[in-house]
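Asker: the amino acid sequence is not available; the structure is as follows:
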Ligand SMILES: [Zn+2]
């Protein structure tokens with residue numbers, strides 16, 4: 001029997017783990033100008049502002065008053081958020097809240113918006129809000145320059161009101 005009591009020096013990679021600290025960026029301790037997500041934005045003009053200032057230096061919007069706004073009012077301001085993910089989330093949330101107060105903002109967004117995915121999200125929110133005015137806005141989309149937007153409005157209307165044949169449709173008349 002070979003009594004090999006002497007520990008062999010092993011060169012197996014598992015026996016000796018060389019720990020190399022990863023290059024670690026802590027966004028809280030090392031602020032970077034590239035991290036705009038963390039920089040507070042003015043909810044009125046979306047300029048970056050320093051935390052703790054009472055008014056936006058650009059548009060003079062009162063950031064103190066903003067903190068007193070109701071959740072729904074803050075969401076309505078966020079409908080114009082410059083970060084697309086945040087804007088989409090605000091559109092979804094006003095729909096889930098059935099916020100009829102958001103209708104003027106959604107209506108004006110529909111007049112300007114070119115991105116079909118944003119238009120689709122707005123139309124879906126209008127469908128959820130479900131008031132006469134919101135359905136009139138969806139109805140108006142059936143004459144939108146974008147065919148995708150027209151088709152989506154048509155789909156929402158026919159799915160929600162299966163008995164109604166949209167007689168003012170611009171489709172399929174020829
Ligand atoms: Zn501002």
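Answerer: It's in. For clarity, every value in this text was computed on a predicted model and none was experimentally measured.

Asker: could you report the neighbour count for the closest residue to residue 66 other than its chain neighbours?
Answerer: Leaving aside its chain neighbours, residue 66 sits nearest to residue 43 (5.5 Å; criterion: CB to CB, 6 or more residues apart in numbering). In this view, the C-beta of every residue, glycine as well, is placed from N, C-alpha and C. By other CB atoms under 10 Å, the residues close to residue 43 number 19.

Asker: next up, the contacts around residue 43.
Answerer: Neighbouring residues of residue 43 by CB atoms under 8 Å, 6 or more residues apart in numbering: 61, 63, 66, 74, 77-78.

Asker: measure stretch 66-81 end to end?
Answerer: 15 Å (CA to CA, to the nearest Å).

Asker: kindly report the same for stretch 105-125.
Answerer: 12 Å.

Asker: can you list the residues that contact it?
Answerer: Here stretch 105-125 makes contact (CB under 8 Å, 6+ apart) with 76, 79-80, 84, 87-88, 91-92, 94-95, 102, 126, 134, 137-138, 140-141, 144, 146, 148-149, 152-153, 156.

Asker: list the buried ones in it?
Answerer: Within stretch 105-125, the residues that qualify as buried are 105-107, 109-110, 113, 116, 118-125, counting by 16 or more other CB atoms under 10 Å.
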